[in-house]
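> Task: produce atomic coordinates for the following.
(one chain, ligands or ions: 1)
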Amino acid sequence: MGHGHPTRSLTGQPLPGPRTSSRPPSCKKHSVSTTSRGIVIAGGGLAAVRTAEQLRKSGYQGPVVVVSDEQHLPYDRPPLSKDVLHDSGKGVGDVIADVTLKPAEFYSDNDIALLRGAAAGSLDTAARTVTLADGMVLDYDELVIATGLVPKRIPSFPDLAGIRVLRSMDDALDLREHAASARRAVIIGAGFIGCEVAASLRKLGVDVVLVEPQPAPLAGVLGQRIGELVARLHRAEGVDVRTGVGVAEVFGTGGQERSDSGEEHGGQERSDSGEENRDHVAAVELTDGSVIDADLVVVGVGSRPATDWLVGSGVSLDNGVLCDEVGRTSEPHVWALGDVASWRDAGGHQVRVEHWSNVADQARVLVSAMLGQDAPSVVVVPYFWSDQYDVKIQCLGEPQAGDEVHVVEDDGRKFLAYYERDGVLTGVVGGGMPGKVMKARAKIAAGAPISDVLG
Ligand code: FAD
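Predicted coordinates:
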């Protein structure tokens, strides 16, 4: 990668003077302004909001424009597979309000222009412009890419009503509506989202079959041993967990089916409109020959970075937007963070993290580098959580599926495990053990020997 542009203040020019009242965003239709540039943030999720917020906190006073392809105010995604799904007593308005990251006044009070329903369509790094899907052209001094992920679909599935994915608020509201009348759901993929949806649907009284080709849920991330403890938790709640099998065919009420293994996850988009006019899903056949009647299928087979609009722009892409250790891409004045971005870590590896707490850390580092300020010197120990029933699964550090796992507590439901690589403590994973997980932070940050925690 050519990260040729060093840390510097914006475009080498002095920062704009004090902000007055609402400055118009640097945008207009079908033409490129050469005067009123600023910082454009493409994407309307957590990473976009944290970046805009951090820019103002850091004293940046020029125009900030956030471009979101969604109509909602930016919102928090973790509750989508949890409270939003299973808290059926709440009205849609309250649900949306609960997860909205910042009220509308935040944007006006901070002079942040939020363009909703506006998709970034292409990028011209030479002209320093982003062209939106509707033809509007935004010019920028600096561009921040924060477009997140797109859920993968299984392209060979027939076009049946009742087959859902979960990434956005609209997906969640739609799934919630379907779940209210569903009898049995098949969830394809026992990653975090599949497991959380399983837990939420069980809370709603829906029969759930969780299908995972690997030997255990979450095995690819946390290893088989902990994956089996997660499977045990779901079985105790009545989920029919089927591991080591995939989906062979999906049948609709009119007998429609698909015929290959579903290994290919091409990620193509499919409109879910016209649901009521389509044949409805009725059953799923697994690769072991078993057939499960189902009126709801949730596809949770992962996501891919939302980078289609960057193809041909010159920005280097490889499983996301390739960045250095502060978020610079291969192109000058273009930065990226959040789920879409693959940052270089201290060991020189490109790592793309799809977890919530990572985003605020990246926003602080990126904005400091962009504004030529000292980067915050914090030792970041990666962290994520997943809520499944009454058990909060927490992961601190960088455990890998191939690490040696030491389960030090297990009461049949809750558990605590340390991960070891080459004698070093790499991480801790707990189910329902919040205090004990967090206690290991300093030791993980210090690269302590595993003997420190095994006593
Ligand atoms: P996103 O939140 O995906 O935001 C990207 C935004 O950009 C979206 O609004 C998208 O529509 C928009 N966009 C995409 N393309 C364009 C374009 N071309 N132009 C304009 N806008 C565009 N993490 C945890 O640590 N713990 C959890 O329990 C947890 N639960 C989760 C549950 C669910 C259902 C999901 C989906 C994620 C969960 N996460 C969890 C992950 C966490 O939410 C993400 O890490 C976080 O949302 C990343 O923020 P982001 O802004 O990078 O991406």
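> Does residue 444 lie in a helix or a strand, and which?
Applying DSSP states H and E as the criterion places residue 444 in helix 441-446.
> residues in contact with that helix?
For helix 441-446, contacts defined as CB atoms under 8 Å, 6 or more residues apart in numbering pick out 379, 381, 396, 397, 425, 426, 427, 428, 452, 453. C-beta coordinates here come from the backbone N, C-alpha and C atoms, glycine included.
> run the last query once more with 10 Å
The contact list for helix 441-446, computed with CB atoms under 10 Å, 6 or more residues apart in numbering, reads 378-383, 396-399, 418-419, 424-428, 448-450, 452-453.
> May I see the buried residues of it?
Buried residues in helix 441-446, counting neighbours by 16 or more other CB atoms under 10 Å, are found at 443, 444.
> same deal with stretch 389-398?
389, 391, 392, 393, 394, 395, 396, 397, 398.
> Kindly indicate which of those residues lies nearest residue 279.
For the buried residues of stretch 389-398, the residue nearest residue 279 by CB to CB is residue 389; the value is 33.8 Å.
> correct me, but the closest one touches residue 233?
Yes. Taking contacts as CB atoms under 10 Å, residue 389 lies within contact range of residue 233: 6.7 Å.
> any shared contact partners between these two?
Taking CB under 10 Å, 6+ apart as the contact rule, the neighbours common to residue 389 and residue 233 are 195, 199, 239, 413, 431, 432.
> If we ignore the residues flanking it in sequence, what's nearest the residue of the stretch 101-250 of the chain found nearest the ligand?
Ranked by CB to the nearest ligand atom, the top residue of the stretch 101-250 of the chain for proximity to the ligand is residue 148, at 2.3 Å. Sequence neighbours aside, residue 339 is the residue nearest to residue 148 in space, at 4.7 Å (criterion: CB to CB, 6 or more residues apart in numbering).
> Show the contacting residues for the one you found.
Contact analysis of residue 339 by CB under 10 Å, 6+ apart lists 43, 45-47, 77, 146-149, 303, 305-306, 320, 352-356, 358-359.
> interface residues of the stretch 151-300 of the chain facing the ligand?
Proximity of the stretch 151-300 of the chain to the ligand (CB under 6 Å from any ligand atom) is limited to residues 166, 167, 193.
> For the shared contacts of residue 389 and residue 233, could you give me JSON lines that also reports pLDDT, neighbour count and secondary structure?
Below are the shared contacts of residue 389 and residue 233 laid out as JSON lines (pLDDT from 0 to 100; neighbours: other CB atoms under 10 Å; DSSP: H, G, I helix; E, B strand; the rest coil):
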{"residue": "195", "pLDDT": "98", "neighbour count": "30", "secondary structure": "helix"}
{"residue": "199", "pLDDT": "98", "neighbour count": "25", "secondary structure": "helix"}
{"residue": "239", "pLDDT": "98", "neighbour count": "25", "secondary structure": "coil"}
{"residue": "413", "pLDDT": "97", "neighbour count": "15", "secondary structure": "coil"}
{"residue": "431", "pLDDT": "98", "neighbour count": "25", "secondary structure": "strand"}
{"residue": "432", "pLDDT": "97", "neighbour count": "20", "secondary structure": "coil"}
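> Identify the farthest-apart pair in the residues you listed.
Within the shared contacts of residue 389 and residue 233, two members stand farthest from each other by CB to CB: 239 and 432, at 17.4 Å.
> Around the residue of the stretch 101-250 of the chain closest to the ligand, count how many other residues there are.
If you count neighbours by other CB atoms under 10 Å, residue 148 ends up with 23.
> Check this protein for its longest helix and report it.
Assignment by DSSP state H gives helix 356-370 as the longest helix of the chain.
> what's next to the very next helix or strand once past the helix holding residue 444, contact-wise?
Moving toward the C-terminus from helix 441-446, the next helix or strand (DSSP H and E) is helix 451-454. Contact partners of helix 451-454, identified using CB under 10 Å, 6+ apart, comprise 406, 408, 416, 418, 420, 423-425, 428, 436, 439-440, 443-444, 446.
> Quick check: closest non-adjacent residue to the closest residue to the ligand within the stretch 251-400 of the chain.
Of all residues in the stretch 251-400 of the chain, residue 338 sits closest to the ligand, at 2.2 Å by CB to the nearest ligand atom. Nearest in space to residue 338, with sequence neighbours left out and distances taken as CB to CB, 6+ apart, is residue 47 at 2.9 Å.
> mind listing what's buried in stretch 203-218?
Neighbour counts using 16+ other CB under 10 Å place 203-204, 206-214, 216-218 of stretch 203-218 among the buried residues.
> Please apply the same query to stretch 39-47.
Under the neighbour-count criterion of 16+ other CB under 10 Å, stretch 39-47 has 39, 40, 41, 42, 43, 44, 45, 46, 47 buried.
> What of stretch 107-114?
By neighbour count on 16+ other CB under 10 Å, the buried set for stretch 107-114 is 107, 111, 112, 113, 114.
> Next: stretch 88-105.
95, 96, 99, 100, 101, 102.
> Hmm, residue 81 and the third one touching each other?
It stands for residue 99. No. If you go by CB under 10 Å, residue 99 and residue 81 don't touch, sitting 11.5 Å apart.
> what's the overlap in contacts for these two?
Shared contacts of residue 99 and residue 81, counting by CB under 10 Å, 6+ apart, come down to residue 172.
> Could you point out the helix or strand that follows the lowest-mean-pLDDT helix or strand in the chain?
Least confident helix or strand of the chain, by mean pLDDT, DSSP states H and E, is strand 27-29 with a mean of 36. Proceeding N to C from strand 27-29, the next assigned helix or strand is strand 39-42, under DSSP H and E.
> Can you get me the centre-to-centre distance for stretch 365-380 and its chain?
23 Å (CA atoms, centre = their mean, to the nearest Å).
> That one spans what distance, first to last residue?
This stretch, stretch 365-380, spans 11 Å end to end (CA to CA, to the nearest Å).
> buried sites along it?
Using 16+ other CB under 10 Å as the burial criterion, the residues of stretch 365-380 that qualify are 365, 366, 367, 368, 369, 370, 371.
> unless I'm mixing things up, the third one is touching residue 373, no?
Spelled out, it's residue 367. Yes. Counting by CB under 10 Å, residue 367 touches residue 373, with 7.8 Å between them.
> Now the common contact residues for these two.
Shared contacts of residue 367 and residue 373 (CB under 10 Å, 6+ apart): 58, 60.
> quick revisit: out of the contacts of residue 339, list just those in strands.
149, 303, 305, 352 (DSSP state E).
> show me the contacts for the last one.
Listed by CB under 10 Å, 6+ apart, the contact set of residue 352 reads 149, 305, 318-323, 338-343, 358.
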